[in-house]
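Participant: quick one, structure for this:
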Amino acid sequence: MDAPLYYALIAAFFLATGVPLVLNTSFNLAGSPIVETPLDAVRCFLDAPADLSLLYLQGRLLRRRAFPAPCATSCPQQEPSFVSRCMADALGEPRRVEVLVEGRWLQLTDALELEVLERCSGGVSVAEIAAEIASEAAEDEGAMLEAVEARMRHLYELRLVSMG
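Facilitator: Below is the predicted model:
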């Protein structure tokens, strides 16, 4: 037997399912190259939709950490450094907001999301960020908290913030 661990996997799968084989397919996301290294696997896993929640890699089980709900008391921290750009129409209204992170441009939802990202210092809660923005814009604090939480979830999915 050349691969005892692989044989054990097939045997365990057969016992659990009644199917005596495991089919190995490529691991990649649409439009991305096939995973070739452990680092590629982790990046692909983190870029995948949230329903891909587990990755078994080199004897370790990696589990995707769920977004904390409710998140109002969490203190978000910017993760990577970034450069931002905002494309606007002739009237100055933002039409496309992006951040450059590790050589990739990531599209944000809107200018509010960029403002939220810029305020993620790790020392201020999501509720405090929402209250500051609502106060500056003379907006309803409850509605702003809802909007900021939605933007925070997207920033978390993009791995631009961690929640403390």
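
Participant: and the lengthiest helix in the chain, what does it pack onto?
Facilitator: Counting residues, the longest helix found in the chain (DSSP state H) is helix 141-157. Packing partners of helix 141-157 (3 or more C-beta pairs under 8 Å, 6 or more residues apart in numbering; DSSP states H and E): strand 76-78, helix 111-118, helix 126-137, strand 161-163. Placement of C-beta: from N, CA and C, glycine included.

Participant: quick one, which of these is nearest to Leu46?
Facilitator: Taking C-beta to C-beta, strand 161-163 is the member of the helices and strands packed on helix 141-157 nearest to Leu46, at 12.4 Å.

Participant: what pLDDT, on average, does the longest strand seen in the chain get?
Facilitator: The residue-count maximum for a strand in the chain (DSSP state E) belongs to strand 94-101. Mean pLDDT, computed over strand 94-101, is 94.

Participant: in that strand, what counts as buried?
Facilitator: Residues 97-99, 101 are the ones in strand 94-101 that count as buried (16 or more other C-beta atoms under 10 Å).

Participant: hang on, the earlier thing: by mean pLDDT, show me the worst of the helices and strands packed on helix 141-157.
Facilitator: strand 161-163 (a mean of 91).

Participant: residues touching that strand, excluding its own?
Facilitator: Strand 161-163 is contacted from outside by 67-68, 71, 74-79, 117, 120, 152, 155-156, using C-beta atoms under 8 Å, 6 or more residues apart in numbering.

Participant: for it, which strands pair with it and how are they oriented?
Facilitator: strand 76-78 (antiparallel) (DSSP bridges).

Participant: tell me the angle whichever helix or strand comes after the strand it pairs with makes with helix 111-118.
Facilitator: Downstream of strand 76-78, the next assigned helix or strand under DSSP states H and E is strand 83-88. With axes from the mean of the first three to the mean of the last three C-alpha atoms, to 10 degrees as the basis, strand 83-88 and helix 111-118 are set at 160 degrees to each other.

Participant: list the buried residues of strand 83-88.
Facilitator: For strand 83-88, the neighbour count (16+ other C-beta under 10 Å) marks Ser84 as buried.

Participant: just to revisit the earlier point, pLDDT of the longest helix of the chain, averaged?
Facilitator: According to the model, helix 141-157 has a mean pLDDT of 93.

Participant: quick one: secondary structure of Gln107?
Facilitator: Here Gln107 is strand, with the state taken from DSSP: H, G, I helix; E, B strand; the rest coil.
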